[in-house]
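Enquirer: Just to be clear, the model below is a prediction. Sequence and coordinates:
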Amino acid sequence: MNLDLVVIDDDAVVLFLHKVLIKKSKLPSNVLDFLHAREALEFLSNHPPTKPLLILLDINMPQCTGWEFLEQVARLPKADKIYVVMVTSSINESDRKRAAGFPQVIGFREKPLSKQDCEDIYIKLLPLLNS
């Protein structure tokens, strides 16, 4: 799969767990991870995606929430190459509805991800990357 992958979560244990699960799935195993969404935004601003990019994004983070991150991502060059799956502990239905309002968001999963979640994300991406 010709895809880059970024994981953003303010919990180092969750980042580690998600990277382990990703490596056991069909998703690309070359993962960049960020504890702070602002750092990820800075990275993306300086390195616009050259190929499709999947971002696994937490919502509730200090300094820059997942929502603020999504608002900024929409303004980035090549935002159309960016796909986001919200990965959160929130079970609030209003968060799901809000996430659906962002064009880059292709999914919403509860933390922590499972291997099956990774496989489901992979399957969802296939037609998007082949269109």
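Expert: Great, that's in hand. Because the structure is a prediction, the values reported are computed rather than measured. Numbering: from 1, shown residues only.
Enquirer: what's the burial count for His18?
Expert: Neighbour count for His18, taken as other Cβ atoms under 10 Å: 24. To be clear about C-beta, it is placed using only N, CA and C from the backbone, and glycine gets the same treatment.
Enquirer: Distance from the strand or helix carrying it to the middle of the chain?
Expert: Here His18 sits within helix 12-23, counting by DSSP states H and E. Chain-centre distance of helix 12-23: 13 Å, with Cα atoms, centre = their mean, to the nearest Å.
Enquirer: So which other helices or strands are in contact with that helix?
Expert: strand 4-8, strand 31-34, helix 115-129 (3 or more Cβ pairs under 8 Å, 6 or more residues apart in numbering; DSSP states H and E).
Enquirer: go with 10 Å
Expert: strand 4-8, strand 31-34, strand 53-57, helix 115-129 (3 or more Cβ pairs under 10 Å, 6 or more residues apart in numbering; DSSP states H and E).
Enquirer: roughly how far apart are Phe102 and Phe16?
Expert: Note on Phe102: its distance to Phe16, by Cβ to Cβ, to the nearest Å, is 27 Å.
Enquirer: which of those two has more neighbours?
Expert: The neighbour count for Phe102 versus Phe16, taken as other Cβ under 10 Å, is higher for Phe102 (17 against 13).
Enquirer: And the pLDDT at the more buried one?
Expert: On the pLDDT scale, Phe102 is placed at 95.
Enquirer: for the one 5 residues further on, same thing?
Expert: Per-residue confidence for Gly107 comes out at a pLDDT of 95.
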